[in-house]
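Asker: what follows is a predicted protein model with its sequence.
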2 protein chains.
Amino acid sequence: MDIFSIIKGRRSCRAFLPEPIPKETIAMILKAAVWAPSPMNAQPWEFIVITSQETKKTIFSEAETLKQDLFQKSGWKWLGRYNVDFLLSAPVIVAVVGDPDKTGADKFIEGGGIAYQHACAAAVQNMLLAAHALGLGSLWFTLFETEVMRNILGVASGKVPLAMVCLGKPSGEPLQVYRKDALEKTRFIR
Amino acid sequence: MDIFSIIKGRRSCRAFLPEPIPKETIAMILKAAVWAPSPMNAQPWEFIVITSQETKKTIFSEAETLKQDLFQKSGWKWLGRYNVDFLLSAPVIVAVVGDPDKTGADKFIEGGGIAYQHACAAAVQNMLLAAHALGLGSLWFTLFETEVMRNILGVASGKVPLAMVCLGKPSGEPLQVYRKDALEKTRFIR
């Protein structure tokens, strides 16, 4: 598969088969992650590979609680129906944790100090593409509270859990989704 | 090139040849961008393709001013020496602009509301990988002030310029850089 097929073929997967992922496959996905760019090459990421069913259950349970809370706050009906079972069915969840101390000179700009999050997001995208190339489905999950997730995963108070990346063999076909044409979103300054 | 070679082979390019980039190539890179995932598939990105030498000069000049300011504030010596000539030499700069209204349910979480930035960062990573696969060098530049860049590019006050992606044929070989081994950054919860 060429890079364009991989980028376009990657889909959010919300149903996984229980089949475990070999540790070599996880290692390849993490290796892809760390080759993302970061300000001053500070590599502001850490990873927690979760296969413990107990920990997944705790993450799932907190997601269910938060979902109901956000449903109340937002009034968004889909949130009430939103099924987060993928947090239980994914054989592996990789937590991506960012280090705000490893952001770049942007921390001296007013309103700055979050370039480290952008670098971590680029690392996540590498993971999703690598997973797809390796025949795995993935889901980038972000509906959690920082402090709650810190406690579940034992993350130090100075660091920030930014993404939960669910990985596994997909069960069934992913939903077809659309994108607005890129050029409709583009302006030119010539 | 397989995806792993592309991910690892991509390097920050800081010197470009003046050769223009065909518009079809730009279109391919933008198309790669929009296939990034985003919360609720809200596609919170817009692009501004800058080839105007005058606009590049303005961006360069503001970067020079900010660099000196950040050098004073930070005391980081490399900032004083940091050469931003790539803002002039790159034949194309693509500004990636995010829309905070198109973030997901994270906006109802305390401290949330920036998942749209993560999606835009994933779109940038797709652009860098696509550019590398097409034989172009790239640089993800973030040292600018939001309001200043809004004014230069004519971006509405509700939207946020998040990244300047410099693109062009590389002049010379990129610097070799290292990464810490992924597994040294990884913990397991089994």
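Answerer: That came through, no problem.
Asker: and the gap between A:I189 and B:G172?
Answerer: Note on A:I189: its distance to B:G172, by CB to CB, to the nearest Å, is 28 Å. All C-beta atoms are positioned from the backbone trio N, CA, C, and that covers glycine.
Asker: ok, A:K102 next?
Answerer: Going from A:K102 to B:G172 by CB to CB gives 28 Å.
Asker: ok, now which ones touch the residue most central in space within chain A?
Answerer: In chain A, the C-alpha nearest the mean C-alpha coordinate belongs to A:W140, at 3.2 Å (CA atoms, centre = their mean). Counting by CB atoms under 8 Å, 6 or more residues apart in numbering or on different chains, A:W140 touches A:12, A:124, A:128, A:163-165, B:37.
Asker: then A:S12?
Answerer: Residues counted as contacts of A:S12 (CB under 8 Å, 6+ apart) are A:138-140, A:174-175, A:177, B:37.
Asker: with these in mind, which one is nearest to A:P44?
Answerer: A:P44 has its nearest neighbour among those in A:W140, at 17.6 Å by CB to CB.
Asker: picking up where we left off before, who is the residue nearest to the centre of chain A paired with across the strands?
Answerer: As for beta bridges, A:W140 partners with A:V165 under DSSP bridges.
Asker: can you give me the helices for chain A?
Answerer: A:3-9, A:23-34, A:53-74, A:77-81, A:86-89, A:115-133, A:146-153 (DSSP state H).
Asker: in a markdown table, list those helices along with mean pLDDT.
Answerer: Listed next are these as a markdown table, based on pLDDT from 0 to 100:
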| stretch | mean pLDDT |
| --- | --- |
| helix A:3-9 | 97 |
| helix A:23-34 | 98 |
| helix A:53-74 | 96 |
| helix A:77-81 | 90 |
| helix A:86-89 | 97 |
| helix A:115-133 | 98 |
| helix A:146-153 | 98 |
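Asker: what is the burial count for the closest residue to A:L88 other than its chain neighbours?
Answerer: Once flanking residues are discounted, A:L88 sits nearest to A:F60: 5.1 Å by CB to CB, 6 or more residues apart in numbering or on different chains. When neighbours are counted by other CB atoms under 10 Å in any protein chain shown, A:F60 registers 17.
Asker: wait, doesn't A:F60 sit right on A:S89?
Answerer: No: assessed by CB atoms under 8 Å, A:F60 is found out of contact with A:S89, at 9.7 Å.
Asker: sorry, back to before: between the contacts of A:S12, which sits nearest A:S52?
Answerer: Each of those was checked against A:S52 using CB to CB; the closest is A:L139, at 18.3 Å.
Asker: what's the spacing between that closest one and chain B?
Answerer: Going from A:L139 to chain B by CB to the nearest CB, to the nearest Å gives 9 Å.
Asker: ok, A:K73 next?
Answerer: For A:K73, the distance to chain B equals 4 Å [CB to the nearest CB].
Asker: what's the closest non-adjacent residue to that residue?
Answerer: Nearest non-adjacent residue to A:K73 (CB to CB, 6+ apart): B:F108, at 4.5 Å.
Asker: count the neighbours of the one you found for me.
Answerer: Neighbours of B:F108 under the rule other CB under 10 Å: 20.
Asker: do you know the pLDDT at it?
Answerer: pLDDT, B:F108: 94.
Asker: now swap in A:A163 and tell me
Answerer: Per-residue pLDDT puts A:A163 at 98.
Asker: hang on, it packs against A:L139?
Answerer: No: the pair A:A163 / A:L139 is not scored as a contact, 10.0 Å apart, by CB under 8 Å.
Asker: re the thing from before, so which of the helices of chain A is the most packed in?
Answerer: Most buried of the helices of chain A, by mean neighbour count (mean count of other CB atoms under 10 Å in any protein chain shown): helix A:115-133, with a mean of 27.
Asker: helices and strands around it, which ones?
Answerer: Packed against helix A:115-133 by the contact rule (3 or more CB pairs under 8 Å, 6 or more residues apart in numbering or on different chains; DSSP states H and E) you find helix A:3-9, helix A:23-34, strand A:45-50, strand A:92-98, strand A:137-141, strand A:160-168, helix B:3-9, helix B:115-133.
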